[in-house]
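Enquirer: structure of the sequence below:
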Amino acid sequence: MAPAHAARVVARIANDTPGDARSWAAVWTAEARTAARRGDDLAACRAYALARFPYPADDPRRAAQRLCVDTFDTWRRGTGQGRARSRPQDIERLELPLPGGASCHAWAAGLDRDRPLLVVMGGIVSVKEQWAPLLPLLRRLGFAAVVTELPGVGENTLTYAPDSWRMLPAFLDHLRARARVADTSLLALSFSGHLALRAAGKDTRIRRVLTVGAPVTAFFRDTAWRARVPDVTLDTLRLLTGAADREQLYALLPEFALTDADLAAVRIPVRYVVSSRDEIIPPGERARLRQAPGDIRFKVFDDVHGSPSHLGATRRWLFGSLLRDRFLPSAGPLRRGRPDHAPEPREADRPAVAQPVRARRPGERSAP
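Expert: Below is the predicted model of the structure:
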């Protein structure tokens, strides 16, 4: 979504009162309906995803969550109406059983027993429909690709808990007849990255982890840092974990922290994007992750959590790392713990210089 367009929509928002026509959910829902009427299903899906942000805790947001899924389904089937009618995308919908009777849904493309599996997961506020448009590209790159959600987010009914990492081995078990799960890559962002690191130390089918701003240990244990974490993050975590209040959440968080044994078990390539001004993830997490014995590389951007001003560069680095590690393993790792393409350790730890953001011209495609 172009920044200028998003700014125009946000300017119409006056409050967050459910039922008010100028509330966050109502304005974004109206924007989604406008896009749907002109036949732009994917734009409508993006707006519905924002309408349900940060989580569907009231009726307007719950409605937006359902409409986000339904509208993406319309886009991938190519059944939309209007001049911007979408074309079929060869994306299928999966329902996967999870431990404890829970379930999750996923979007998938390129499923084939001869293709390596790539699982994509967002963080605590992002739904799978935000990432699913990448599926045709991932299929063309040779992957059996599946996009799903963190426990408690979107259509994942599993409660987010310290043992939630078990969903990933269950996921691979379910897909073993439809992809080469013995060669699985996880592109897991933010808190999903934490889940992926824990699972990678337990399941040898996971061969590489790529992440952006994943908590490791300090986020869950550092009470001084916790006072700086935005309320929206803590409120969302409280909802996903089922904690009754902040105090119960604070009592639970230390159980999520990766231990020395957990990190010692991570012996695979890990590619981690660091945001030097991250307001959620403590700066010490990078040093903590360096204790893992695998091939750990970092990319640093001078940005806030998720490096939103460097989306193109982040995507290029992650996908470049994925393809190099997947198809050119003989190239060998760089010195462990250093960012990619850094000639000297002192230079390597400097944040990347922010680049100006340019809106795409009509018809211009973004780099993968």
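
Enquirer: burial count for the nearest residue to Pro133 once chain neighbours are set aside?
Expert: Setting aside the residues directly before and after it, Pro133 is nearest to Leu42 in space (Cβ to Cβ, 6 or more residues apart in numbering), at 6.4 Å. Placement of C-beta: from N, CA and C, glycine included. For Leu42, the count of nearby residues is 20 (other Cβ atoms under 10 Å).

Enquirer: roughly how far does Leu42 sit from Tyr48?
Expert: Using Cβ to Cβ, to the nearest Å, Leu42 is found at 11 Å from Tyr48.

Enquirer: can you check Asn15 too?
Expert: For Asn15, the distance to Tyr48 (Cβ to Cβ) stands at 20 Å.

Enquirer: those two - which one has more neighbours?
Expert: Between Asn15 and Tyr48, counted using other Cβ under 10 Å, Tyr48 has the larger neighbour count: 31 against 11.

Enquirer: and the helix or strand hosting the more buried one, how far out from the chain middle?
Expert: Using DSSP states H and E, Tyr48 maps to helix 41-51. Distance of helix 41-51 from the chain centroid (Cα atoms, centre = their mean, to the nearest Å) equals 17 Å.

Enquirer: quick one: mean pLDDT over it.
Expert: The average pLDDT for helix 41-51 rounds to 96.

Enquirer: restricting to C-alpha, output it in PDB.
Expert: Taking Å, rounded to 0.1, in the frame of the first residue of the first chain, the C-alpha atoms of helix 41-51 are listed here in PDB:
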ATOM      1  CA  ASP A  41      -9.800  -7.800  -4.200                       C
ATOM      2  CA  LEU A  42      -6.200  -7.700  -3.000                       C
ATOM      3  CA  ALA A  43      -6.400  -4.000  -2.000                       C
ATOM      4  CA  ALA A  44      -9.600  -4.800  -0.200                       C
ATOM      5  CA  CYS A  45      -7.900  -7.700   1.600                       C
ATOM      6  CA  ARG A  46      -5.100  -5.400   2.700                       C
ATOM      7  CA  ALA A  47      -7.500  -2.800   4.100                       C
ATOM      8  CA  TYR A  48      -9.500  -5.500   6.000                       C
ATOM      9  CA  ALA A  49      -6.200  -6.800   7.500                       C
ATOM     10  CA  LEU A  50      -5.700  -3.200   8.900                       C
ATOM     11  CA  ALA A  51      -9.300  -2.900  10.000                       C
END
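
Enquirer: could you give the angle of the helix or strand following it to helix 41-51?
Expert: With elements assigned by DSSP H and E, the helix or strand that comes after helix 41-51 is helix 59-77. Calculated by axes from the mean of the first three to the mean of the last three Cα atoms, to 10 degrees, helix 59-77 forms an angle of 160 degrees with helix 41-51.

Enquirer: quick one, what contacts the residue nearest to Gly122 when sequence neighbours are not counted?
Expert: Nearest residue to Gly122, sequence neighbours excluded (Cβ to Cβ, 6+ apart): Leu189, at 5.4 Å. Listed by Cβ atoms under 8 Å, 6 or more residues apart in numbering, the contact partners of Leu189 are Met121, Gly122, Gly123, Ser126, Thr211, Val212, Gly213, Ala214, Gly306.

Enquirer: rerun at 7 Å
Expert: Met121, Gly122, Gly123, Thr211, Val212 (Cβ atoms under 7 Å, 6 or more residues apart in numbering).

Enquirer: how close does it sit to Leu94?
Expert: For Leu189, the distance to Leu94 - Cβ to Cβ - is 20 Å.

Enquirer: for the stretch 201-350 of the chain, which segments are assigned as strands?
Expert: 206-212, 270-275, 296-301 (DSSP state E, counting those that start in this stretch).

Enquirer: who are the packing partners of the second one?
Expert: Helices and strands in packing contact with strand 270-275 are listed as strand 206-212, strand 296-301, helix 311-327; criterion 3 or more Cβ pairs under 7 Å, 6 or more residues apart in numbering; DSSP states H and E.

Enquirer: please identify the most buried of these.
Expert: strand 206-212 (a mean of 25; mean count of other Cβ atoms under 10 Å).

Enquirer: can you list the residues that contact it?
Expert: 183-190, 193, 196-197, 199-200, 268-273, 306-307, 314, 318, 321-322, 325.

Enquirer: can you redo the helices and strands packed on strand 270-275 as TSV with distance to Pro254 and mean pLDDT?
Expert: Formatted as TSV, the helices and strands packed on strand 270-275 follow (distance: least, Cβ to Cβ, whole Å; pLDDT from 0 to 100):
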stretch	distance to Pro254	mean pLDDT
strand 206-212	21	97
strand 296-301	24	96
helix 311-327	29	91
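
Enquirer: what count of nearby residues applies to Gly152?
Expert: With other Cβ under 10 Å as criterion, Gly152 counts 21.

Enquirer: check whether it sits in a helix, strand or coil.
Expert: Classification of Gly152 using DSSP: H, G, I helix; E, B strand; the rest coil returns coil.

Enquirer: that one reaches Tyr160, doesn't it?
Expert: Yes: contact criterion Cβ atoms under 7 Å: Gly152 and Tyr160 qualify, at 4.4 Å.

Enquirer: output the below-cut-off pLDDT ranges for this structure.
Expert: 80-88, 329-368 (pLDDT under 70).
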